[in-house]
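Q: Sequence and predicted model, in that order:
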Amino acid sequence: MHQLSRRPSFDHSSLQTQFLHNHHNNIYTKKALELNAKLIEANPEFMTAWNYRKLAFQHSQSEADSDRIQAIIDEELRVVEIALRKNFKSYGAWQHRKWVISKGNSSTERELKLLNLFQKRDTRNFHAWNYRRFITGLKNISDDKELQFTTDMINDNFSNYSAWHNRSVLLSHLLEKKVEGYFPKEIFLKEEYEFVRNAVFTDPDDQSGWFYHLWLLDQTVNVDTPILVSSWPPHGSEINKTTFPIVLCFNEPVEGVTLHTVSLQIENDLFTNVTWSPLSTNKFNHGQTWLTHLTIPQAELYSSKIFQVKISSESSQGVISLSGVPCRPWSFTFTVSVSHDLQNVEERSLRRISFTDENFAKFDVNSNVTDLLKSYFEVTGNYEQPAPSKWKSEMISSEIEQYQELLTSAEWY
């Protein structure tokens with residue numbers, strides 16, 4: 001009995017040793033691949049074994065005709081399917097299948113049918129849902145059609161968290177594309193609130209519907225229009241003698257922050273030597289934080305003077321969000337003090353300077369800086385926060401009333 005219990009461990013170790021020998025020596029024979037398939041069937045999470053099959057695929061692909069390549073692809077899919085039957089949540093198996101399908105020469109229709117079978121077996125497996133999004137993308141199946149699939153799955157089981165999550169992903173896409181029937185969003189949001197309410201009121205202890213309800217609330221209160229939420233003129237003690245940065249921060253990534261869309265005025269004179277750059281961008285080249293540098297005219301450095309700087313977007317709506325919505329007009333001003341009197345400069349550097357606008361943090365310039373240029377800022381920001389839409393207020397009020405009823409019901413206790 002003792003020997004029988006140790007034999008599987010010995011066989012597995014032997015397989016792994018032979019596999020690693022084949023892997024290190026680039027051996028991709030039929031026998032080597034069969035040995036690899038046995039190892040994967042025993043342990044679908046062995047990532048090195050999956051990577052070996054990718055290398056073997058690429059090696060064979062360079063020497064095979066189209067019929068042979070199709071046979072190799074079919075074999076790879078067969079191995080993955082066996083692995084998934086052993087472990088339906090295997091990361092390696094799902095990733096390898098996605099990699100093989102991306103090479104082409106495979107039936108996406110067959111993949112969709114196979115997914116339907118798998119998802120009946122485990123309706124909440126997020127690997128299968130991720131793979132489904134991949135396949136429907138290849139087949140160009142509309143988000144609207146897939147949304148109906150999530151409806152059917154949720155109606156079968158309100159506790160299907162993965163289906164609720166996929167629903168939020170699909171609706172996000174439909175909103176971004178402004179698909180007819182989903183924009184403006186207040187119409188479909190009302191229907192979604194009623195849909196999720198059925199789930200929550202049926203089983204208040206299940207978290208799946210609650211998570212989706214939180215997502216709907218977020219979609220309701222989110223500002224549809226990009227706005228400037230804060231800005232940072234430079235701290236006097238942290239700038240050089242002639243140049244300092246100006247930073248604009250928006251509530252979401254935007255594009256179009258340029259000399260033509262954002263004006264910079266010094267004492268009512270338009271400053272034209274300005275180049276705005278995003279600190280970082282997303283894949284669509286939209287940035288949430290933008291930076292430029294302002295250089296004080298040389299003539300101003302040799303006389304004590306206080307002048308006003310105004311930055312605004314009131315003259316243009318060229319600053320737009322990823323969804324194409326223009327930014328609300330805004331403006332803010334600050335003053336810059338230039339002095340050639342080093343003693344006065346040092347005295348001012350000992351002061352504690354704080355922004356008057358609540359969007360700006362307090363900072364300390366307690367240092368022995370003797371730069372010719374010192375700045376203090378009297379912020380008069382004019383980027384107003386948008387008032388909530390009437391439909392948003394009414395929708396939130398309605399939800400509060402609905403769930404107050406749930407809280408007071410006997411079933412809740």
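A: Happy to help now that I have it. Residues are numbered from 1 along each chain as shown.

Q: and the residue nearest the centre of the chain, backbone torsions?
A: The centroid of the chain falls nearest to Asn282 when counting by CA atoms, centre = their mean (8.9 Å). For Asn282, the backbone dihedrals (degrees, to the nearest 10) come out as phi -90, psi -170.

Q: and after the helix or strand bottoming out on mean pLDDT in the chain, which helix or strand comes next?
A: Taking mean pLDDT, DSSP states H and E as the measure, the chain has strand 373-375 as its least confident helix or strand, at a mean of 31. Remark: after strand 373-375, the chain's next helix or strand is helix 390-408, criterion DSSP states H and E.

Q: Remind me what that next one packs against, helices and strands.
A: helix 186-202, helix 207-221 (3 or more CB pairs under 8 Å, 6 or more residues apart in numbering; DSSP states H and E). Heads up, the C-betas are built off the backbone N, CA and C, glycines and all.

Q: tilt between the shortest one and helix 390-408?
A: It stands for helix 207-221. 150 degrees (axes from the mean of the first three to the mean of the last three CA atoms, to 10 degrees).

Q: pLDDT (mean, whole number) over helix 207-221?
A: Looking at helix 207-221 alone, the average pLDDT works out to 93.

Q: just to revisit the earlier point, now for the residue nearest to the centre of the chain: which residues touch it?
A: 253, 322 (CB atoms under 8 Å, 6 or more residues apart in numbering).

Q: do that again at 10 Å, thanks
A: Contact analysis of Asn282 by CB atoms under 10 Å, 6 or more residues apart in numbering lists 253, 288, 322.

Q: And it, how far from Pro226?
A: 14 Å (CB to CB, to the nearest Å).

Q: Need the overlap of contacts for those two.
A: 253, 288, 322.

Q: Neighbours of Thr48, how many?
A: Number of residues near Thr48 (other CB atoms under 10 Å) recorded here: 13.

Q: Show the residue spans covered by the strands in the stretch 101-250 of the chain.
A: Remark: strands assigned in the stretch 101-250 of the chain by DSSP state E, counting those that start in this stretch are 228-232, 243-255.

Q: Of these, which is nearest Lys139?
A: Closest to Lys139 of the strands of the stretch 101-250 of the chain, according to CB to CB: strand 243-255, at 30.0 Å.

Q: Tell me the strands beside the following helix or strand past the closest one, with direction?
A: Next helix or strand after strand 243-255 toward the C-terminus (DSSP H and E): strand 263-266. Strand pairing for strand 263-266, using DSSP bridges, gives strand 269-270 (antiparallel), strand 305-312 (antiparallel).

Q: among these, which is nearest Gln58?
A: When these are compared by CB to CB, strand 305-312 sits nearest Gln58, at 54.5 Å.

Q: neighbouring contacts of the helix or strand that the closest one is followed by?
A: With elements assigned by DSSP H and E, the helix or strand that comes after strand 305-312 is strand 320-321. Defining contact as CB under 10 Å, 6+ apart, one finds that strand 320-321 is touched by 223-227, 250-257, 261, 286, 326-327.

Q: quick one: average confidence on strand 320-321?
A: For strand 320-321, the per-residue pLDDT averages 86.

Q: Adjacent strands (with direction) for the helix or strand following that strand?
A: Where DSSP H and E defines the elements, the next helix or strand beyond strand 320-321 is strand 331-338. Strand pairing for strand 331-338, determined by DSSP bridges: strand 305-312 (antiparallel), strand 373-375 (antiparallel).
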